[in-house]
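K.L.:
give me coordinates for this.
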Amino acid sequence: MTGLPPMPDEETEAKYIKALDVIDPEIVGDQDETEVVNHGRDQCVSVKEWPKEQAKLLELTAKRFKAPGHSDGFGATKNKLILAAVRKYLCPKY
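P.N.:
Predicted coordinates for the structure are as follows:
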C-alpha cells in the first residue's frame, strides 16, 4: 500500500490504544495491539487518498474496526471517534 505511515513510537501507540479503549473497550478487546495499530495505519492510507470524503472514511472505519458482536463496526457515532483517534495519533499530517 502506498502512503502507509510508519509504526508509531511506544508512547503514541499507548495513547492511541487508550483512546480506542475509552471509545469502547471492545474495539481493542483481546486483539494483538499491533493488529489494531495496523488497522489504523491502513485507515491512514484511506484518509490520505480521500481526506474530504467523510462518509467513505466512516464506511471504511466500520469495515476495518470490528469485534465479536460488532461485525458491522461500532456504529456511526463511535466510528467518527475511532476515525478521529486514527487521525490524531497515527496520521496527524494527513
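K.L.:
what residue is smack in the middle of this protein?
P.N.:
A centroid search over the chain (CA atoms, centre = their mean) returns residue 40, at 3.6 Å, as the residue closest to the centre.
K.L.:
hang on, that one is in a strand, isn't it?
P.N.:
No: read with DSSP: H, G, I helix; E, B strand; the rest coil, residue 40 is helix and lies in no strand.
K.L.:
going forward, count from 780.
P.N.:
With the count now opening at 780, the last piece we talked about shows up as residue 819.
K.L.:
surely it is in contact with residue 869?
P.N.:
Yes: here residue 819 lies in contact with residue 869, judged by CB atoms under 8 Å, at a distance of 4.6 Å. In this view, the C-beta of every residue, glycine as well, is placed from N, C-alpha and C.
K.L.:
what is in contact with the two at once?
P.N.:
Residues touching both residue 819 and residue 869 by CB atoms under 8 Å, 6 or more residues apart in numbering: residue 795.
K.L.:
which one is residue 823 nearest to, not counting chain neighbours?
P.N.:
Across the structure, with CB to CB, 6 or more residues apart in numbering as the measure, the residue nearest residue 823 apart from its sequence neighbours is residue 870 (3.6 Å).
K.L.:
need the helices for this protein, in chain order.
P.N.:
With DSSP state H as the definition, the chain shows helices at residue ranges 789-802, 804-807, 812-828, 833-843, 855-868.
K.L.:
CSV for those helices, including mean pLDDT?
P.N.:
Compiled in CSV, these are given as follows (pLDDT from 0 to 100):
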stretch, mean pLDDT
helix 789-802, 98
helix 804-807, 96
helix 812-828, 96
helix 833-843, 96
helix 855-868, 97
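K.L.:
distance to residue 849 added to the ones you listed, as JSON lines?
P.N.:
As requested, the helices of the chain are exported to JSON lines (distance: least, CB to CB, whole Å):
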{"stretch": "helix 789-802", "distance to residue 849": "12"}
{"stretch": "helix 804-807", "distance to residue 849": "6"}
{"stretch": "helix 812-828", "distance to residue 849": "13"}
{"stretch": "helix 833-843", "distance to residue 849": "9"}
{"stretch": "helix 855-868", "distance to residue 849": "9"}
